[in-house]
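Participant: Give me a model of this one.
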Amino acid sequence: MPLSDVQEKLKTIPDEYLAEVYHYLELLQYKIFYEQQKNSTKKKFPNRHPGILKDPNFYMSPDFDKPLEDFKEYM
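Facilitator: Okay, the predicted model is just below:
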């Protein structure tokens, strides 16, 4: 649809409804932006999936949370 047709239609709309038209245009811009963001994130990380770190490949010792001897004077 040509922009001139849209402008002609806008001229026929009463002033009290122009705010609604403006808000609808903002909604459409948001939808376009959201779709672009959604599509771009899919392309960036194609190998990501839920549960990828379910079984970690590192070892943490059982006394990991135990206070260190070096810091006893500060506690």
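Participant: From Arg48, how far off is Pro2?
Facilitator: Separation of Pro2 from Arg48 (C-beta to C-beta, to the nearest Å): 43 Å. For every residue, glycine as well, the C-beta is placed using N, CA and C.
Participant: Could you give the separation of the biggest helix by length in the chain from the chain centroid?
Facilitator: The helix that spans the most residues within the chain, counting by DSSP state H, is helix 15-44. Mean-position distance between helix 15-44 and its chain equals 14 Å (C-alpha atoms, centre = their mean, to the nearest Å).
Participant: which parts of it are buried?
Facilitator: Counting neighbours by 16 or more other C-beta atoms under 10 Å, one finds that helix 15-44 has no buried residues.
Participant: Give me the average confidence score over it.
Facilitator: Mean per-residue pLDDT for helix 15-44: 87.
Participant: next one: stretch 61-75
Facilitator: For stretch 61-75, the mean confidence score works out to 85.
Participant: Give me the most central residue, this protein.
Facilitator: Within the chain, the residue whose C-alpha comes closest to the C-alpha centroid is Gln37; the distance, by C-alpha atoms, centre = their mean, is 7.0 Å.
Participant: got a list of what it touches?
Facilitator: Residues in contact with Gln37, defined by C-beta atoms under 8 Å, 6 or more residues apart in numbering, are absent; none qualify.
Participant: any idea how far it is from Tyr30?
Facilitator: Counting by C-beta to C-beta, the separation of Gln37 from Tyr30 is 10 Å.
Participant: now swap in Asp65 and tell me
Facilitator: Distance from Asp65 to Tyr30, counting by C-beta to C-beta: 45 Å.
Participant: do the same with Ala19
Facilitator: Note on Ala19: its distance to Tyr30, by C-beta to C-beta, is 17 Å.
Participant: cool, and Phe45?
Facilitator: As for Phe45, its distance to Tyr30 is 23 Å (criterion: C-beta to C-beta).
Participant: same thing with Ile52?
Facilitator: Computed as C-beta to C-beta, the Ile52 to Tyr30 distance reads 31 Å.
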